[in-house]
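In: next comes the sequence, and after it the predicted model I'd like to discuss.
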Amino acid sequence: MSRRREERAAQVAAGDVLDEAAALLGGRMVHRYEPGETVPGWAWVNELAHAGWDELTRLADPTGPTSGSSWEGAVEYLAAEVASAAGSPAGLRELQRSRLVPLELDLLAANDRMVATPTELVQLVRYELTRQRERRSHQSTG
């Protein structure tokens, strides 16, 4: 391969890595999969773990455009639950930092053995929301 081709291949590879990192940190990993392709559970959590307040409320909107998949329905439901648990943009950032990003990383490390269905996704996220509520309750009484 010529030196110019090697440089171009390296630039493309670097661009792909940067695109992937931006999608990961922007909560857009689910959108990197093609229609019909299996999206891992951690990618659905990624959307919740990195969404800003406006994006989260958009995700929770039952009138928004969706494909009608059960995974999207689970995320819609969970987005409303996360917004309710967080209560505010600042509360959302705290909830994401303390519960949702660690859950995302746990799922990624487990290679998705922890979540095979939308119901399991809902159970895992709701468990983390319950833990966050309990933590806040203990802090306010202590």
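Out: Noted; the coordinates are in hand.
In: okay, CA-based contacts and neighbour counts for the rest of this
Out: Noted.
In: tell me the helix or strand right after the helix or strand of the chain with the lowest mean pLDDT.
Out: In the chain, the helix or strand scored least confidently by mean pLDDT, DSSP states H and E is helix 3-25, which has a mean of 65. Once the chain leaves helix 3-25, the next helix or strand it forms, by DSSP states H and E, is helix 41-50.
In: what is the neighbour count of the closest residue to A85 other than its chain neighbours?
Out: Nearest non-adjacent residue to A85, counting by C-alpha to C-alpha, 6 or more residues apart in numbering: L129, 6.6 Å away. By other C-alpha atoms under 10 Å, 21 other residues sit near L129.
In: give the other helices and strands that the helix or strand in which L129 is found contacts.
Out: In the assignment (DSSP H and E), L129 maps to helix 118-141. Packing contacts for helix 118-141, counted by 3 or more C-alpha pairs under 8 Å, 6 or more residues apart in numbering; DSSP states H and E, involve helix 70-86.
In: mind listing what's buried in the helix it packs on?
Out: 71, 73-83, 85-86 (16 or more other C-alpha atoms under 10 Å).
In: which parts of the helix or strand just after that helix are buried?
Out: Proceeding N to C from helix 70-86, the next assigned helix or strand is helix 89-95, under DSSP H and E. The neighbour-count check on helix 89-95 (16+ other C-alpha under 10 Å) flags G91, L92, R93, L95 as buried.
In: and P62, what does it touch?
Out: Applying C-alpha atoms under 8 Å, 6 or more residues apart in numbering to P62 gives the contacts E76.
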